[in-house]
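In: could you work out the structure for the sequence below:
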Amino acid sequence: MPKAVPVDYQSTIKKPDDFDAFWDGVQQQAAAIPLEPEIIPDPLRTSEEIEVFQVFYTSLEHVRIAAWYCRPTRRAERIPAVLLLPGYQADPPIPKEWAYKGYCALSVAPRGKLRSNRQFNPGWHVALDLHCLLTVSEAITRAALERRESRGAHTRVEYPDSDKHFGTVNVIVRRQNGAMTVTQEPLPELPAELRRIVEGEV
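Out: Presented below is the predicted three-dimensional model:
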């Protein structure tokens, strides 16, 4: 049930005895590191009403932190601001809705998320994998072209029916002498009880 008096909403968590000393130490570390801020206009996300910027700055252990910054295009010299910290389970939203309400809004990514700490760049791994991804994609496409039928998840508009022949072979793709070859190799004959299941007799 809701509490009748707002003062009754009290936290049950007790601040650790050493918290103040810990926090003072963190602030001292942060003060010793230059922010090195970057504020980069983002014209693709900017509109007539809202200006959008990508922001980067240096945090503890010299980790680069990423953020989104939005502000109203038409604004007074001084307007209120809001800081959004979404937590590690979520990527920071682009805070346009706050800018529409008249705020300058900074939405900060946790360390290691979004573009924070560019050492953790998932696009780099994709770049390394790209050659293999293209090779596998070519092999899959060549095998699919060889199977002139429709069966299960393999569907071709020009061959809407299944072909019994392709139920008796595997389509094998190999790279030989720098090129891909496609062959059909026979499957071992199915035991009679399995064949009845496959053919829908059971």
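In: strands along the chain, start to end?
Out: Assigned by DSSP state E, the strands in the chain fall at 38-41, 50-58, 64-72, 81-84, 104-108, 169-176, 179-186.
In: do you know which of those strands lies nearest Trp98?
Out: strand 104-108 (3.7 Å; CB to CB). Backbone N, C-alpha and C define where each C-beta goes, glycine included.
In: can you spell out which helices and strands pack onto that closest one?
Out: When contacts are defined as 3 or more CB pairs under 8 Å, 6 or more residues apart in numbering; DSSP states H and E, strand 104-108 packs onto strand 64-72, strand 81-84.
In: deepest in the core, which of those is it.
Out: strand 64-72 (a mean of 21; mean count of other CB atoms under 10 Å).
In: circling back: can I get the strands of the chain in TSV with mean pLDDT?
Out: Below are these laid out as TSV (pLDDT from 0 to 100):
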stretch	mean pLDDT
strand 38-41	95
strand 50-58	94
strand 64-72	92
strand 81-84	95
strand 104-108	95
strand 169-176	92
strand 179-186	94
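In: can you lay out these as TSV showing distance to Leu128?
Out: Shown next, in TSV, are those (distance: least, CB to CB, whole Å):
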stretch	distance to Leu128
strand 38-41	26
strand 50-58	24
strand 64-72	21
strand 81-84	33
strand 104-108	29
strand 169-176	20
strand 179-186	22
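In: out of these, nearest to Thr135?
Out: strand 169-176 (7.7 Å).
In: which parts of the closest one are buried?
Out: For strand 169-176, burial by neighbour count (16 or more other CB atoms under 10 Å) applies to Val173.
In: helices or strands up against that strand?
Out: Going by 3+ CB pairs under 8 Å, 6+ apart, strand 169-176 lies up against helix 122-146, strand 179-186.
In: what lines up beside the shortest one in the sheet?
Out: In the sheet containing strand 179-186, the strands it pairs with under DSSP bridges are strand 169-176 (antiparallel).
In: now the partner strand: how far from the chain's centre is it?
Out: Centre-to-centre, strand 169-176 and its host chain are 34 Å apart (CA atoms, centre = their mean, to the nearest Å).
In: can we start the residue count at 16 from this point?
Out: With the count now opening at 16, the last piece we talked about shows up as strand 184-191.
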